[in-house]
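[1] Sequence first, predicted coordinates after that:
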Amino acid sequence: MRTVARTGSDSDADRAPHRREPGNDDEFARPAARMSIVVDNVFHDYGGGVQQPSVRVTIRDVAERASVSVATVSKVINQRYGVSEATVRRVQGVIDELGYEASLVAQSLRNRRTNVIGVLVADLEPFSTELLKGTATAIRNTGFELVIYSAGGRTSDHVGWERRYLSRLSGTLVDGAILVTPTVVKVQYDAPVVAVDPHTGSHDVPTIESDNLHGGVLAAEHLIALGHRRIALLGGRPDLESAKLREQGFRRAMAAAGVPVDEGLIRVGGYDAHVSAEAARALLDRPDRPTAVFASNDVSAIATISVARELGLRVPRDLSVVGFDNIPESALCTPRLTTVNQPIQTMGERAMAMLIRLIRKEELASTDMYLATDLVVRDSTAAPAAVAGPRPSTA
């Protein structure tokens, strides 16, 4: 599945597109609708109000309205010499009136630039959705537009999908790309690339990530301070650096406190709700079940709470649960989730700012950026039943 959503930095409110029957004789044509989504190669057009048949404004419409030739409109669009200032103003006024824009493919063929940035995500789940909010904020007023591509499924079924998409986009559709939780270490692409939450192993692209090691330490220390000793870990995607570091932080805190790690309580949740639910059920069905679970992301933590409820366990009285991410859902579930906060939207903003600097061939202060994490204590953690005591203040 491919999902494409396009966001620009200009205002739609000032646009009044001229309607005409669609034609295919104009390389500069643009759809009148400003938002489109492609799912499984089926085009869905989302305009304002009632959905209309696909129509587009062409360069010929502009030329006719401005009483000039198509060649003159082309010169104005491409800022070429040979057109008087009065004519430029008239043509530009018609372009603004009709809401006309040159097609991205035509622009790229002429200028080798599209002013479009692609963001590639494995799926449109809570983490990537929050990150996309940050990229959309950062791209405003930059002159670039945003296109979002989604693999639309579990990464285990789509390993290497980023390479395939980048190959399709290469040279004609985007000037650079942001890869979110990539399934590959290295990519071959002739434009700048930035990775968010990168793959394990060495990499050759700039990266943005949070302090996952410290976050894992914070989660384990919180549960240990409450008196828990049988603490389970639901790990993330084994191929991602974040999952590895969160587990390392967990183990480091346990060792520092002198609490042995029961390897039977270490399971893989894969940052996936279904996988995590199955892993949580296996943990909580044990006769010697854990009294607490550190889930490597909030989706896994919320799935764990749901399984605990199905099994008749009360959170936090019978089971404490800590997540990681601090997505909006973590404050809305019941009970409200204690979690490690990472600044997801800021990660998106920083990734976009870094990529734009690379596209503009500006120097980066650093090619690898780490953002701080902190613990947000809510209602899903408490001392185990045998260890009564005061709880930390809630957020």
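    Happy to help now that I have it. Since the model is a prediction, treat every value here as computed from it, not as a measurement.
[2] and the gap between residue 349 and residue 192?
    Separation of residue 349 from residue 192 (CB to CB, to the nearest Å): 17 Å. All C-beta spots, glycine's among them, are computed from the backbone N, C-alpha and C.
[3] What of residue 222?
    39 Å.
[4] tell me the phi and psi of residue 279?
    phi -70, psi -40 (degrees, to the nearest 10).
[5] From here on, call the first residue 40.
    Happy to do that; since the first residue is 40 now, the last one works out to residue 318.
[6] quick one: contacts for it?
    273, 306, 307, 308 (CB atoms under 8 Å, 6 or more residues apart in numbering).
[7] Show me where this structure has its helices.
    98-105, 109-116, 124-137, 143-150, 165-178, 200-208, 251-264, 280-295, 312-323, 337-349, 383-398 (DSSP state H).
[8] Export the contacts of residue 318 as TSV, with columns for distance to residue 126.
    Below are the contacts of residue 318 laid out as TSV (distance: CB to CB, whole Å):
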residue	distance to residue 126
273	66
306	69
307	65
308	63
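[9] Quick one: neighbours of residue 348, just the number.
    Using other CB atoms under 10 Å, residue 348 has 13 neighbouring residues.
[10] Kindly report the same for residue 233.
    28.
[11] Next one, pLDDT for it please.
    In this model, residue 233 is scored at 94, pLDDT.
[12] now do residue 101
    91.
[13] swap in the one 5 residues further on?
    With respect to pLDDT, residue 106 scores 95.
[14] cool, and residue 185?
    Reported pLDDT for residue 185: 92.
[15] follow-up on the earlier one: which of the helices of the chain sits closest to residue 361?
    Shortest distance between residue 361 and the helices of the chain, using CB to CB, is found for helix 251-264: 4.6 Å.
[16] Now do that closest one: which elements does it pack against?
    strand 270-274, helix 280-295, strand 331-334, strand 359-364, strand 377-380, strand 413-415 (3 or more CB pairs under 8 Å, 6 or more residues apart in numbering; DSSP states H and E).
[17] Go again with 7 Å.
    helix 280-295, strand 331-334, strand 359-364, strand 377-380 (3 or more CB pairs under 7 Å, 6 or more residues apart in numbering; DSSP states H and E).
[18] Of the contacts of residue 318, which belong to strands?
    273, 306, 307 (DSSP state E).
[19] could you dump these to CSV with distance to residue 403, pLDDT and neighbour count?
    Listed next are the ones in strands among the contacts of residue 318 as CSV, based on distance: CB to CB, whole Å; pLDDT from 0 to 100; neighbours: other CB atoms under 10 Å:
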residue, distance to residue 403, pLDDT, neighbour count
273, 35, 98, 29
306, 38, 98, 20
307, 34, 97, 19
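[20] burial of the closest residue in space to residue 217 that isn't next to it in sequence, as a residue count?
    Nearest residue to residue 217, sequence neighbours excluded (CB to CB, 6 or more residues apart in numbering): residue 158, at 4.6 Å. Using other CB under 10 Å, residue 158 is surrounded by 27 other residues.
[21] How many residues are close by residue 99?
    16.
[22] That one touches residue 109, doesn't it?
    Yes: assessed by CB atoms under 7 Å, residue 99 is found in contact with residue 109 at 6.1 Å.
[23] need the contact list for residue 221.
    By CB atoms under 7 Å, 6 or more residues apart in numbering, the contact set of residue 221 is 201, 234, 237, 238.
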